[in-house]
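Novice: just need the structure, nothing else, for what follows:
(one chain, ligands or ions: 1)
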Amino acid sequence: MISLGQDEIAKYPFLAEAGQYLNDKGFTLEQFATDPDLKIIVDKAYERIESAAEGKIYNLKTDNSSDKDIILPLNVFSFLIAIVLLKLSGLNTLINRFSLAEARRAEKFLERDLVSDSNKTSEEFAIKIFRDVFSITIKKAGDYFVIPISDYLQHAVNFHELEWKLVNRHVENGMVFLTPHESARLIRKELGGYIGTKIRAANTPPMSKGFEDKVHKLSNLAKKFVVDTVVSTEIPPCIEHAIEALNKGENLSHSGRFMLATFLLGRGQTVDEIAPLFKNAPDYNEKITRYQIKQVAGETGGNRTKYACPSCEKIKSNDLCFATPDCDNIINPMQFGKKRL
Ligand code: SF4
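Specialist: Here you go, the predicted model:
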């Protein structure tokens with residue numbers, strides 16, 4: 001377990017042991033639910049979830065924003081109470097969105113702590129997070145950081161942009177060079193996964209009267225992410241699975257999103273019909289989603305290529321195939337439900 005000072009715990013609150021932290025500070029959960037002086041923390045906790053649901057990185061604001069003695073504990077408590085509210089609501093979509101937004105918030109601090117002109121202690125602490133939480137050995141090399149090729153490949157697999165391909169990286173003696181920004185970006189998915197796992201593993205406390213109103217508001221907030229789109233009747237299991245994952249607010253991989261979009265476009269659905277399906281993805285951004293689907297549809301972008309649905313073989317290699325006897329040895333999901341020639 002990494003030992004944390006007040007500064008670090010405010011930046012990376014998910015590293016704290018929640019119950020222990022409350023004990024150390026002399027608080028009980030009951031107090032947050034009943035003490036009117038602590039209501040501000042419950043309000044901030046709700047705001048934190050709300051901003052995550054909207055895809056924003058939370059930036060705590062108070063009348064005393066410059067007072068560290070107020071802002072640091074408020075940052076930690078609002079995170080911990082947010083988890084309590086999420087657990088009480090049991091809403092997976094919000095938990096996923098919250099985890100991703102908190103990962104992006106932590107990523108910002110990690111990057112800042114890694115840049116060469118930041119103080120040495122922060123830099124060492126950030127390196128420690130890479131090592132102790134994600135088992136990545138990262139070392140400073142001038143203005144860059146270097147990580148072993150094997151670690152790089154394991155994490156860069158989440159990226160599809162050309163710049164992340166190993167052939168496009170500066171590599172020396174088995175080490176890949178990364179800027180502080182790239183180093184922090186490399187572990188965003190793992191950070192989100194780590195935070196989500198911690199939230200899911202936390203015990204759900206009994207409901208208190210003081211939390212009821214906020215939990216009710218969370219249920220209403222989650223309704224915004226209910227998808228009503230009806231997809232045509234005969235769809236193969238891989239596509240059904242991808243839609244289910246999105247509906248549950250899971251982070252469908254890039255190849256999964258590509259498969260889904262190309263399949264639905266191939267079945268004659270429009271960008272307007274497809275875009276809402278992605279509404280529950282934790283990183284959903286309407287503008288970007290629509291742009292990406294348009295690109296796949298060949299309606300925008302440089303070469304205006306309309307992409308076809310990948311083959312079953314390709315989908316299998318991406319771990320996205322959930323074949324059933326109904327698949328009947330087809331070679332492309334577009335053939336599902338039709339007799340093979
Ligand atoms: S066999 Fe093809 S259509 Fe069936 S689930 Fe796998 S990828 Fe989808």
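Novice: need the contact list for E107.
Specialist: Taking CB atoms under 8 Å, 6 or more residues apart in numbering, we find E107 in contact with 184-185, 187-188, 191. Quick note: C-beta positions are derived from backbone N, CA and C, even for glycine.
Novice: for the residues you listed, which one is nearest the ligand?
Specialist: R188 (28.0 Å; CB to the nearest ligand atom).
Novice: how about the spatially most central residue of the chain, nearest residue that isn't a chain neighbour?
Specialist: Residue closest to the mean C-alpha point of the chain, counted by CA atoms, centre = their mean, is L100 at 2.8 Å. Using CB to CB, 6 or more residues apart in numbering and skipping the chain neighbours, the partner closest in space to L100 is P282 (4.0 Å).
Novice: give me the element that neighbour is part of.
Specialist: According to DSSP states H and E, P282 maps onto no helix or strand at all.
Novice: what is the burial count for it?
Specialist: For P282, the number of neighbouring residues by other CB atoms under 10 Å comes to 23.
Novice: next, the contact list for it, please.
Specialist: Applying CB under 8 Å, 6+ apart, the residues near P282 are 96-97, 99-100, 192, 249-251.
Novice: the residue lying closest to G301 once chain neighbours are set aside: helix or strand, and which one exactly?
Specialist: In space, and not counting its chain neighbours, G301 is closest to Q295: 4.5 Å by CB to CB, 6+ apart. Assessed by DSSP H and E, Q295 sits inside helix 286-296.
Novice: so where's this structure shaky on pLDDT?
Specialist: Applying pLDDT under 70 to the chain flags the ranges 1-4, 61-69, 116-119, 158, 160, 226-233, 339-341.
Novice: sorry, back to before: now the residue nearest to G301: how far from the ligand?
Specialist: Noted for Q295: a distance of 23 Å to the ligand, by CB to the nearest ligand atom, to the nearest Å.
Novice: repeat for F258
Specialist: 13 Å.
Novice: same question for I57.
Specialist: 36 Å.
Novice: give me phi/psi at that residue?
Specialist: Main-chain torsions, I57, degrees, to the nearest 10: phi -90, psi 130.
Novice: what count of nearby residues applies to the closest residue in space to it that isn't next to it in sequence?
Specialist: Excluding its sequence neighbours, the residue lying closest to I57 (CB to CB, 6+ apart) is R105, at 4.8 Å. The tally of other residues near R105 (other CB under 10 Å) stands at 25.
Novice: my guess is R105 meets Y58, correct?
Specialist: Yes. Counting by CB atoms under 8 Å, Y58 is a contact partner of R105 at 6.1 Å.
Novice: so the residue nearest to I57 is in which element?
Specialist: helix 92-114.
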